[in-house]
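Q: Any chance you could fold what I've pasted below:
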Amino acid sequence: MTTAFRTTAHREIRRGDRTTIRYTASGPTGGPVLVLLHGWACHRGDFDELTRHLPAELRVLAVDLAEHGESRSTRAVWTMEEFARDVQTVLEAESVGSAVVAGHSMGAAVAVEVGRALPEKVSHVVALDGLHYLSLFPAQEETRAEKTLRAFREDFPAAVRGLVEGGTPPGTDPALTEAYTAKMSGARQPAGLRSMEGLVHWDMDAALRETRQPITVFAIRSLTSQKAIDRYNDRFDFDLVELGSHHFPVESPKRTAGLLAKIVNR
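A: Here you go, the predicted structure:
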């Protein structure tokens, strides 16, 4: 894989009068397109270093989902489908004909919804340590979903810490855990809580039945259960990796870029 200087532009697109989406476009306009979607309570800047390691010929669109990073919204709907419409707006503005859409964590759910909505434009969906966590991604039974959400409503920082620690393999630098907890605890409200509600109520199995593209899941080996593999092995191409914690695109940007480049080059 070769890398070179990438032209970069920070852009803005409006959805109606309630949502403004900011995104970064880099690389040649005629190149193969890779769309990068961050996780819950994160932002597109998480992909800055990764993008620098991608092949120079790729067109990369890194999107801040609504009320994340620099994007702003006063809307009332915070479902995965609505986040996907944010991404669709960017693809339309960039006149994208075909793209690989990769999402980290919650961004993987959004990537699935983009694929479901745009079967003629999305050639491949990639999950970066997303989709395989059975306590978050398949639609939860209401009692369990309410228990999860109650924790966030009653003590948001403590719930965020629990989420971060759940994605932290033994041996991870404690400073990373603290940094991720502090960053994600600052999620803007009410979108932070409402988008978590949207995630635990998302019916992934229904979405997958209507999503035709191949789906590759790059999952941290020590955080991936055999139960999840058994449940989705006929739908996902699992690639178990040892690149750090749940936030491995930030921790191992060069190696993650190599994984993504191979998908795009297929």
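
Q: Provide a complete list of residue ranges assigned to strands in this structure.
A: 8-15, 19-26, 33-37, 59-63, 72-73, 99-104, 122-128, 215-220, 236-241 (DSSP state E).

Q: which one of the ones you listed lies closest to Ala187?
A: Relative to Ala187, the nearest member of the strands of the chain by Cβ to Cβ is strand 72-73, separated by 13.2 Å. All C-beta atoms are positioned from the backbone trio N, CA, C, and that covers glycine.

Q: Note down every partner strand of the closest one and its orientation.
A: Paired with strand 72-73 in the same sheet, following DSSP bridges, are strand 19-26 (antiparallel).

Q: what about the nearest residue to Gly69 once chain neighbours are set aside, how many neighbours?
A: Leaving aside its chain neighbours, Gly69 sits nearest to His43 (3.1 Å; criterion: Cβ to Cβ, 6 or more residues apart in numbering). For His43, the neighbour count with other Cβ atoms under 10 Å is 19.

Q: so what pLDDT did His43 get?
A: We have a pLDDT of 98 for His43.

Q: wait, isn't it in contact with Glu67?
A: No - counting by Cβ atoms under 8 Å, His43 sits too far from Glu67 to count as a contact (10.4 Å).

Q: pLDDT wise, what is Ala62 at?
A: pLDDT, Ala62: 98.

Q: how much space between it and Arg6?
A: From Ala62 across to Arg6, the span is 11 Å (Cβ to Cβ, to the nearest Å).

Q: between those two, who's got more neighbours?
A: Ala62 (26 against 16).

Q: Pull the contacting residues for that one.
A: Tyr23, Thr24, Ser26, Val35, Leu36, His38, Arg44, Phe47, Asp48, Thr51 (Cβ atoms under 8 Å, 6 or more residues apart in numbering).

Q: Which residues does Asp239 form beta bridges with?
A: Phe218.

Q: burial of it, as a residue count?
A: Counted with other Cβ under 10 Å, residues neighbouring Asp239 total 15.

Q: Contact partners for the most centrally placed residue in the chain?
A: The residue lying closest to the centre of the chain (Cα atoms, centre = their mean) is Gly107, at 2.0 Å. Taking Cβ under 8 Å, 6+ apart, we find Gly107 in contact with Leu36, Leu37, His38, Gly39, Leu65, Leu128, Gly130.

Q: Between Ala62 and Arg6, which contacts overlap?
A: Ser26, Thr51.

Q: circling back to that earlier point, how much space is there between the residue nearest to the centre of the chain and Asp230?
A: For Gly107, the distance to Asp230 - Cβ to Cβ - is 24 Å.

Q: Then Asp155?
A: 34 Å.

Q: between the two, who's got more neighbours?
A: Using other Cβ under 10 Å as the criterion, Asp155 and Asp230 rank with Asp155 on top: 12 against 9.

Q: how much space between that one and Ser185?
A: For Asp155, the distance to Ser185 - Cβ to Cβ - is 10 Å.

Q: For the residue nearest to the centre of the chain, which non-adjacent residue is spatially closest?
A: Per Cβ to Cβ, 6+ apart, closest to Gly107 is Leu37, 3.4 Å.

Q: Distance-wise, check the one you found relative to Ala228.
A: On the measure of Cβ to Cβ, Leu37 and Ala228 end up 21 Å apart.

Q: and what of Val110?
A: On the measure of Cβ to Cβ, Val110 and Ala228 end up 19 Å apart.

Q: So which of those two has more stuff around it?
A: Neighbours per residue, other Cβ under 10 Å: of Val110 and Ala228, the larger number sits with Val110, 34 against 20.

Q: which residues touch the more buried one?
A: Counting by Cβ under 8 Å, 6+ apart, Val110 makes contact with Leu37, Leu65, Met80, Phe83, Ala84, Val87, Gly103.

Q: Who are the contact partners of the closest residue to the fifth one other than its chain neighbours?
A: Excluding the flanking residues, the one nearest Ala84 by Cβ to Cβ, 6+ apart is Glu113, at 3.5 Å. With contacts taken as Cβ under 8 Å, 6+ apart, Glu113 has the following neighbours: Met80, Glu81, Phe83, Ala84, Ala207.

Q: Cheers, nothing more for now.
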